[in-house]
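> Okay, predicted coordinates and the sequence, questions at the end:
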Amino acid sequence: MRRERGISLVEIMVAITLGMLLTLGLGTVFVSVSQTSKLRQNMSVVQDNERTAVAFLNNGIRGAGFFPNPTQALTFTTSAASFPASGLWLPGQSIQGTGNATAGTDTMSVRFIASTNGATVQGCSASLTAGDLYTDVFSVANGYLTCTETDNTAGTTNTVNLVPNLSGMNITYGVDPGCTGSVSEYLPATVVPAAVWGGSCSVGGQLKTVNITLQFNNPLAGQPSQPALVTINQTIPYMIGL
């Protein structure tokens, strides 16, 4: 007669130990995959923010000096009449900046006249008053790319947070003081000659392009070889032709 033999205590302990090791291994893999997925998602958000920030700045720079009637922009006289001297603004000037392009605290201001075409995308607000003169000031404040938009005609101001997770913004300006038709050098706002901001040439203005470097907080900071900031650089043509 055969004797029935059950599972010994040692076998039970071995099985439990193996089960715990397997569970621990699976848990570690799960945590690692989750962390990787979260980091990738955060990087994707940063990339989306980069594209959005560049789009806002590109729109602002290319729209600087806009006239509802494009034929008005063909002469300096008509431009100066539509964009009069005001504070630091020279007659006809539609873009200016502040900062030395090293501290991340640069700002850029643009002036334009709101289009009578409701389909035209301008400014930073949801709606604009056609024919009014506007000034948009772009800066980085409290972790956001912000736009302070002033309706100079109506005397109203509104600040909008455009893009989050920014640490700073550096800007240089491609200038052509010799009126050669191309950029001769890039300068920070503090050393751009006053005559260049509103200067005109037969081949266009003396300011040709704007080079912007945006500094975003890096979601991978703290990981090996990862910097604290992620930077993106973009050169945008300034299209006004005087």
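Okay, I see it.
> Check the burial of the nearest residue to Cys201 once chain neighbours are set aside by counting its neighbours.
Of all residues not flanking Cys201 in the chain, Cys179 sits nearest, at 3.6 Å (C-beta to C-beta, 6 or more residues apart in numbering). Placement of C-beta: from N, CA and C, glycine included. Cys179 has 14 neighbouring residues, counting by other C-beta atoms under 10 Å.
> Tell me the secondary structure of Cys179, please.
At Cys179, secondary structure determined by DSSP: H, G, I helix; E, B strand; the rest coil is coil.
> Does it touch Leu207 like I think?
No: using C-beta atoms under 8 Å, Cys179 is not in contact with Leu207, being 11.6 Å away.
> gap between the two ends of stretch 107-125?
Counting by C-alpha to C-alpha, to the nearest Å, you get 18 Å between the two ends of stretch 107-125.
> before we move on, what SS does the residue sitting nearest the centre point of the chain have?
Central residue of the chain (C-alpha atoms, centre = their mean): Ala53, 3.0 Å from the mean position. What three-state DSSP gives for Ala53 is helix.
> Okay, it and Asn165: tell me how far apart.
Distance from Ala53 to Asn165, counting by C-beta to C-beta, to the nearest Å: 10 Å.
> which element follows the worst-scoring helix or strand of the chain on mean pLDDT toward the C-terminus?
Between all helices and strands in the chain, the lowest mean by mean pLDDT, DSSP states H and E belongs to helix 76-82, at a mean of 67. The helix or strand immediately downstream of helix 76-82 is strand 95-98, counting by DSSP states H and E.
> which SSE is Val160 in?
For Val160, the enclosing helix or strand under DSSP H and E is strand 156-164.
> Just the strands from this structure, written as ranges.
Applying DSSP state E to the chain gives strands spanning 95-98, 107-113, 133-141, 144-151, 156-164, 166-175, 185-188, 200-201, 204-205, 207-217, 229-237.
> Just give me the lowest mean pLDDT stretch among these.
Within those, the stretch with the lowest mean pLDDT is strand 204-205, showing a mean of 75.
> How far off centre is that one?
25 Å (C-alpha atoms, centre = their mean, to the nearest Å).
> which secondary structure elements does that strand contact?
Judged by 3 or more C-beta pairs under 8 Å, 6 or more residues apart in numbering; DSSP states H and E, strand 204-205 is in contact with no other helix or strand.
> That strand pairs with which strands?
Strand pairing for strand 204-205, using DSSP bridges, gives strand 200-201 (antiparallel).
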